[in-house]
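> This is a predicted model, with the sequence first.
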Amino acid sequence: MAGSGALLRQCPLLLPQNREGTAYEGFVTAQGRDFHIRILLPMDFQLKNARIECSWHLKKILHGYRHILKQRLHSCPDLVSFMVELKTVLEIALKNTQDLHIPRPPEYYSCLVRDLEILGWNNFLFSFRVAYVDTGLTTIKLKAEDSSGRQHLITLKLKAKYPTEPPDCLVDFPVQFAISWMPQNSLIDLYNQFLAALESLKEFWDAMDEIDGKTWVLEPENPTRSATTRRIAIGNNVSVNIEVDPRHPNMLPECYFLGADHVVNPLRIKLNNNMHSWDPEISLLQNLKDLLEIDFPSRAVLEKSDFAKDCGICYAYRLDGAPPDQVCDDPRCGQPFHWACLYEWLQGLPSSRQSFNVIFGDCPYCNKPLTLKSSTKKL
C-alpha cells in the first residue's frame, strides 16, 4: 500500500489490521513512552471521517488539544502526515503536563502580570481582549473582532520558562497561517500578530461567508474558520467541490464536480472555456456563477425538490456526516449513492471486476454499467 513504508518509519509500532489499509492498531511513541491507539479509516480514506480510539490515559493527556487534532484531521492529506502532527501535539501535551507540576518562579508571574497590564489589566481593554485566564495563570484566551465583525479566539498555553520559552498557540486559522514567538516578544506582540493575521484573512473569510450564506453547502456541515473547502449543491444530485487558497481567495480555486457524467461534463466544459474570464475584482461566488453560467440554488429551493435523495443502498441521506456523492450515469435512473456504500456493493458483486484503481459493475437499480474509482473521490 502506498505510504505504508513512510508510516512504518514514523510509527513502527502502528500496524495495519486488514489488507484494505483502513484499520491500524498499535502504539504511538512520544518522549520514550508508548500509548495504545487504534485508527479506523472509511473506505474512501478521507481522514476527516476517521475514527480515533485510544486509552483513557492518552485521552486525558490530549483533552485540551482535541480542537487542533480535529483541524489536522481535516487538513492533512494522508495518514502519515496526520501521525506526524499527532506525535508533535502529543510531545507538546506531555511537556505541558510535566510543566504543570513544575513550580513557576516569581519572574514568571511578574512578567505575565506585566504583559496582562499592557493588554489592559484593570480597565475596559482587558475585558475586551482577554476572554479567559485559568486559576493557575497557565492558560490564557485572547479575543478579537475583525473588521467584518467576526469574533475570534487564540488560546495560549504558557510554559514554566515564560517568556523565554514560547507558549503553544491554538487558533482556528488555515494551516498556511501561523503565529510565531520570539524571545523578546510579549503578549501584546503576539496579540498584534493575531490582529494582523485576522486582517490578512479577511477576504478569504468574506468569500467563504458569502458562499455559506447564499448557497447550500453540503460539506462540511459546520465549517470552521480553518476550513478551505466547500462542496456546493448545484442541482439534482450534482455538486461542485472547491478548494480555496486563503492567501489568494479571489483567484480561481481548484474545482471538481460530483454527479452523473451527462450533467457534470457540460459544467466542466463551461469552466474550461470560460476560465479566461475569471475576474479577481469580483467575488469568488460571482465568478463561479459567471464561469459555470448558473445561479447556485439555495437550500430552501433544493429541499423542495428531490435533490436531497437518500442513498440507494443504505437508505440514509448522510453517512459519516456526508451526503451521497455518486450517482448512476443513466439519466433515466440517476439514483445517488454514498461512495463507501457503492464501493462495498460493487466489490460484493460476482460480476464486477477491477482494473487498477477502477471498479466496474452494474447499478443496483437499473443494471446499467457503473464505474467507481477506488482510490479517490475525484471522478
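Good, I have the coordinates.

> Which positions in stretch 214-228 come out as buried?
By neighbour count, and taking 16 or more other CB atoms under 10 Å as the criterion, the buried residues in stretch 214-228 are 214, 215, 216, 217, 218, 219, 223, 225, 226, 227, 228. Heads up, the C-betas are built off the backbone N, CA and C, glycines and all.

> how far away is the fourth one from residue 210?
I take that to be residue 217. Spatial separation of residue 217 from residue 210 under the definition CB to CB, to the nearest Å is 11 Å.

> Can you check what pLDDT the model gives the residue nearest to residue 243 when sequence neighbours are not counted?
Spatial nearest neighbour of residue 243, chain neighbours left out: residue 254 (4.1 Å); criterion: CB to CB, 6 or more residues apart in numbering. For residue 254, the pLDDT comes out at 93.

> my read: residue 254 touches residue 248, true?
No. Counting by CB atoms under 8 Å, residue 254 stays clear of residue 248, with 11.9 Å between them.

> could you pull out the strands for the stretch 51-200 of the chain?
Under the criterion DSSP state E, counting those that start in this stretch, the stretch 51-200 of the chain contains strands at 51-54, 130-133, 139-145, 151-157, 168-171.

> From the contact counts, what lies against the first one?
If I follow you right, that is strand 51-54. strand 33-40 (3 or more CB pairs under 8 Å, 6 or more residues apart in numbering; DSSP states H and E).

> go on, the second one?
Strand 130-133 sits against helix 106-119, strand 139-145, with contacts defined as 3+ CB pairs under 8 Å, 6+ apart.

> most centrally placed residue in this structure?
Among the residues of the chain, residue 74 comes closest to the average C-alpha position under CA atoms, centre = their mean, at 2.6 Å.

> can you pull the buried residues of the longest helix along the chain?
The helix spanning the most residues in the chain, taking DSSP state H as the definition, is helix 79-99. Buried positions in helix 79-99, judged by neighbour count with 16+ other CB under 10 Å: 79-86, 89-90, 92-94, 96, 99.

> Run through who's touching it.
The set of residues external to helix 79-99 that reach it, using CB atoms under 8 Å, 6 or more residues apart in numbering, is 3, 6-7, 10-11, 14, 24, 28-31, 33, 35, 39, 41, 45, 47, 58, 61-62, 64-65, 68-69, 72-73, 76, 138, 157, 159-160, 168.

> separation between the nearest residue to residue 6 once chain neighbours are set aside and residue 24?
With CB to CB, 6+ apart as the measure, residue 80 is the residue that lies nearest to residue 6, at 4.6 Å, once sequence neighbours are left out. Between residue 80 and residue 24 the distance, using CB to CB, works out to 11 Å.

> which sections of the stretch 1-150 of the chain are below the confidence cut-off?
For the stretch 1-150 of the chain, residues meeting the criterion pLDDT under 70 lie at 1-5, 98-102, 121-127.

> what about 50?
1-2 (pLDDT under 50).

> Domains of this protein: list them as residue ranges, please.
What the record gives for the chain is the domain set 4-99, 106-200, 202-305, 309-379, from automatic domain parsing.

> So which residues of this protein form helices?
For the chain, helices defined by DSSP H occupy the ranges 4-10, 56-61, 66-75, 79-99, 106-119, 124-129, 187-200, 202-214, 261-274, 284-292, 299-304, 339-348.

> Dump the C-alpha coordinates for the fourth one into CSV.
Taking C-alpha atoms only, helix 79-99 is exported to CSV below (Å, rounded to 0.1, in the frame of the first residue of the first chain):
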residue,chain,number,x,y,z
LEU,A,79,-2.4,9.2,7.4
VAL,A,80,1.4,9.6,7.5
SER,A,81,1.1,13.4,7.7
PHE,A,82,-1.5,13.2,10.4
MET,A,83,0.6,10.8,12.5
VAL,A,84,3.5,13.3,12.3
GLU,A,85,1.1,16.0,13.6
LEU,A,86,-0.3,13.7,16.3
LYS,A,87,3.2,12.9,17.6
THR,A,88,4.1,16.6,17.6
VAL,A,89,0.9,17.5,19.6
LEU,A,90,1.5,14.6,21.9
GLU,A,91,5.0,15.8,22.6
ILE,A,92,3.7,19.2,23.4
ALA,A,93,0.9,17.9,25.6
LEU,A,94,3.3,15.6,27.6
LYS,A,95,5.7,18.5,28.1
ASN,A,96,2.9,20.8,29.3
THR,A,97,1.6,18.1,31.6
GLN,A,98,5.0,17.9,33.1
ASP,A,99,5.2,21.7,33.2
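
> centre of the chain versus it, how much separation?
Once both centres are worked out by CA atoms, centre = their mean, to the nearest Å, helix 79-99 turns out to sit 18 Å from its chain's centre.

> Report the angle between that helix and strand 139-145.
Following axes from the mean of the first three to the mean of the last three CA atoms, to 10 degrees, one obtains 120 degrees for the angle between helix 79-99 and strand 139-145.

> doesn't residue 202 make contact with residue 246?
No. Counting by CB under 8 Å, residue 246 sits too far from residue 202 to count as a contact (10.5 Å).

> Tell me how far residue 120 lies from residue 280.
For residue 120, the distance to residue 280 (CB to CB) stands at 39 Å.

> For these two, work out which one has more neighbours and name it.
In terms of neighbours (other CB atoms under 10 Å), residue 120 is the more surrounded of residue 120 and residue 280; the figures are 15 against 12.

> Can you give me the distance of that one to residue 77?
Distance check for residue 120 against residue 77: by CB to CB, it reads 41 Å.

> ok, now residue 151?
With distances defined as CB to CB, the gap from residue 151 to residue 77 amounts to 30 Å.

> now do residue 373
Using CB to CB, residue 373 is found at 17 Å from residue 77.

> neighbour-wise, which of those two wins?
residue 373 (16 against 8).

> doesn't residue 357 make contact with that one?
Yes. Residue 373 sits in contact with residue 357 when judged by CB under 8 Å, with a separation of 5.6 Å.
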